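Enquirer: sequence and predicted structure are below.
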Amino acid sequence: MINSIRDTADMNVVYSNRLIPDYDYISNFEAVFAIIDDYQLAPWEKDILNAYLDAGGKMYLEGNINWDSSDPFLGKFGVEAPLDIVISIETLQYPQKAWDYADQSSSYRVLVPVQGGATPLFYAGSLDPTAYCVGTLNETATYNALAAEFRLMHIAEDATGYASFTELIHVILSELGVISGGTSNDDALAPAAISSISAWPNPARGSINIKLENPQRSETVISIYNLKGQLVNSLELSAKNSFQVNWNSLDAKGKPSPAGVYILKGAGTEKKITVLR
């Protein structure tokens, strides 16, 4: 991982197995990869990492973590992980990329965004590849925080037909804003912003927030379909509601929709969501 960061970002990398209390050094780092495995962070360690993010830091965090949105530090990642949803990871999925995953145990929890800025990035490819989120980015005006349920140590480096470990590090650094991920939208040759749909929490019990990102400034209808292609409900988004609505998991007749995967379609884009009961 150290070599991959050096190769990708051309930066010095410092590795340490502990934080140093009462010594302000961490603020000098462009980004921090906190890989804690089964270690439980002490309150003073959380305070150091929390202060780093408050000062505008960029952090990747993975491990056996109680993703508690009420915790001053962990809450900055904007996710929770229901204890009753445990999955395996056969492949790690990202748009147009996939990595072979060596650990086939069913010991990973699904990450559910609970803040508007938290966006799903990585999915477990063992089941429905767009329903089981295992990596999110909470991008704010102050800090960027990437939460991971997967483990970098289990990414298969030389798997045929899959992306490399260095490519994964490149994606993480790009999403954190450490390196450039592409052409700036200020460039005259850059394409226009593409609309996308965000939804949280996902999976959801009961209601789910739906927002249209980069919308054209006109009214848009988001249609909700089940996997049989049947229209379940329709929602109107416009500047009046800031292109954001809450779906209460009811169909057009006001009846609760069954648990399962649903597809949101509108503005030339779509997104899969999961409803739990």
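Expert: Alright, I've got the coordinates. Residues are numbered from 1 along each chain as shown.
Enquirer: make it CA atoms for all contacts and neighbour counts henceforth
Expert: OK.
Enquirer: now do the contacts for residue 248.
Expert: 206, 207, 208 (CA atoms under 8 Å, 6 or more residues apart in numbering).
Enquirer: surely the first one touches residue 258?
Expert: No: with the criterion set as CA atoms under 8 Å, residue 206 and residue 258 do not qualify as a contacting pair; they are 10.7 Å apart.
Enquirer: give me the distance between residue 229 and residue 137.
Expert: Taking CA to CA, to the nearest Å as the measure, residue 229 falls 30 Å from residue 137.
Enquirer: quick one: which of the two has more around it?
Expert: Neighbour comparison, residue 229 and residue 137: the larger count goes to residue 137, with 25 against 10 (by other CA atoms under 10 Å).
Enquirer: so what does the more buried one look like in phi/psi?
Expert: Main-chain torsions, residue 137, degrees, to the nearest 10: phi -120, psi 120.
Enquirer: run through the bridge partners of it.
Expert: Beta-bridge partners for residue 137, by DSSP bridges, are residue 119, residue 146.
Enquirer: offset the numbering so it begins at 211, please.
Expert: Shifting the count to begin at 211 puts that one at residue 347.
Enquirer: name all residues that make contact with it.
Expert: By CA under 8 Å, 6+ apart, the residues touching residue 347 are 287, 327, 328, 329, 330, 331, 354, 355, 356, 357, 385, 386.
Enquirer: domain ranges for this structure?
Expert: For the chain, the structural domains run 212-386, 406-486, going by automatic domain parsing.
Enquirer: need the ones you listed in CSV with mean pLDDT, can you?
Expert: As requested, these are exported to CSV (pLDDT from 0 to 100):
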stretch, mean pLDDT
domain 212-386, 89
domain 406-486, 86
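Enquirer: ok, and the most crowded of the contacts of residue 458?
Expert: Using other CA under 10 Å as the neighbour criterion, residue 418 leads those with 21 neighbours.
Enquirer: hmm, that one is touching residue 412, no?
Expert: Yes: Residue 418 lies in contact with residue 412 (CA under 8 Å); the separation is 7.4 Å.
Enquirer: contacts for stretch 256-270, please.
Expert: By CA under 8 Å, 6+ apart, stretch 256-270 touches 231, 236-237, 239-244, 282-283, 352-358, 382, 386-388.
Enquirer: if any of the residues you listed are buried, put those into a ChimeraX selection.
Expert: In ChimeraX, this line selects whichever of the contacts of stretch 256-270 come out buried by 16 or more other CA atoms under 10 Å:
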select :236,237,241,242,283,353,354,355,356,357,358,382,386,387
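Enquirer: among the contacts of stretch 256-270, which are located in strands?
Expert: 242, 243, 244, 354, 355, 356, 357, 358 (DSSP state E).
Enquirer: looking at the residues you listed, which is nearest residue 323?
Expert: residue 357 (10.1 Å; CA to CA).
Enquirer: quick one: contacts for the closest one?
Expert: By CA under 8 Å, 6+ apart, residue 357 lies in contact with 270, 271, 272, 287, 289, 345, 346, 347.
Enquirer: go again using 10 Å as the cut-off
Expert: Residues near residue 357 by CA atoms under 10 Å, 6 or more residues apart in numbering: 269-273, 275, 277, 284, 286-289, 321, 328, 330-332, 344-348.
Enquirer: shared neighbours of residue 416 and residue 468, anything?
Expert: Shared contacts of residue 416 and residue 468, defined by CA under 10 Å, 6+ apart, are found at 459, 460, 485, 486, 487.
Enquirer: which among those residues end up buried?
Expert: 459, 485.
Enquirer: ok, back up a step: need the ones in strands among the contacts of stretch 256-270 in JSON lines with distance to residue 431, can you?
Expert: Converted to JSON lines, the ones in strands among the contacts of stretch 256-270 look like this (distance: CA to CA, whole Å):
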{"residue": "242", "distance to residue 431": "41"}
{"residue": "243", "distance to residue 431": "40"}
{"residue": "244", "distance to residue 431": "41"}
{"residue": "354", "distance to residue 431": "31"}
{"residue": "355", "distance to residue 431": "32"}
{"residue": "356", "distance to residue 431": "31"}
{"residue": "357", "distance to residue 431": "32"}
{"residue": "358", "distance to residue 431": "33"}
